[in-house]
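A.B. asks: Take a look and give me a structure for this.
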Amino acid sequence: MALRQTTLKIKQMIDDLHEQFLTMEGPVNKKDFDFFYKVKEETSPMFNLNYQWLEEAEEFVKNRGVSVHPNQVKSTHENMEMLILHSYYIDVEKKRFKELHQSSHYVLDMILNDLNNDV
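C.D. replies: Coordinates of the predicted model:
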């Protein structure tokens, strides 16, 4: 199923972003256009993957007896967008970043669990 693969890719992506957040020097100059274009280029596939996950996950949780609520899917999508941006701009406290990371993983794991039970 496509959602399983997308969810696994998303989990790996946010783990990579978490590692980047912890190791990257920051905060960066937000007026640095070269950095902005670098971020735009590198994050574009991430935002596309995140949007793909949103569409697939919304379709999966709609009209099904699964443990994930549609609002959780939307919130997780938004949290992952923040993870993408914060991992480059390092403009949020580590505690907040970790909370976004953990809550995203929680919902992603619930989706994977529901997928396993749906087979």
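A.B. asks: Buried residues of the helix with the most length in the chain, list them for me.
C.D. replies: If you go by DSSP state H, the chain has its longest helix at helix 33-61. Using 16 or more other CB atoms under 10 Å as the test for burial, helix 33-61 gives 39, 43, 46, 49-50, 53-54, 56-57, 60-61. Every residue, glycine included, has its C-beta placed from N, CA and C.
A.B. asks: Ok, stretch 18-33 next?
C.D. replies: Buried, per 16+ other CB under 10 Å, within stretch 18-33: 18, 21.
A.B. asks: Centre of the chain to that stretch, how far?
C.D. replies: 17 Å (CA atoms, centre = their mean, to the nearest Å).
A.B. asks: about what we covered before: let's have the buried residues of helix 33-61 in JSON lines, adding pLDDT.
C.D. replies: Converted to JSON lines, those look like this (pLDDT from 0 to 100):
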{"residue": "V39", "pLDDT": "91"}
{"residue": "T43", "pLDDT": "97"}
{"residue": "M46", "pLDDT": "98"}
{"residue": "L49", "pLDDT": "98"}
{"residue": "N50", "pLDDT": "98"}
{"residue": "W53", "pLDDT": "97"}
{"residue": "L54", "pLDDT": "97"}
{"residue": "E56", "pLDDT": "95"}
{"residue": "A57", "pLDDT": "95"}
{"residue": "F60", "pLDDT": "93"}
{"residue": "V61", "pLDDT": "93"}
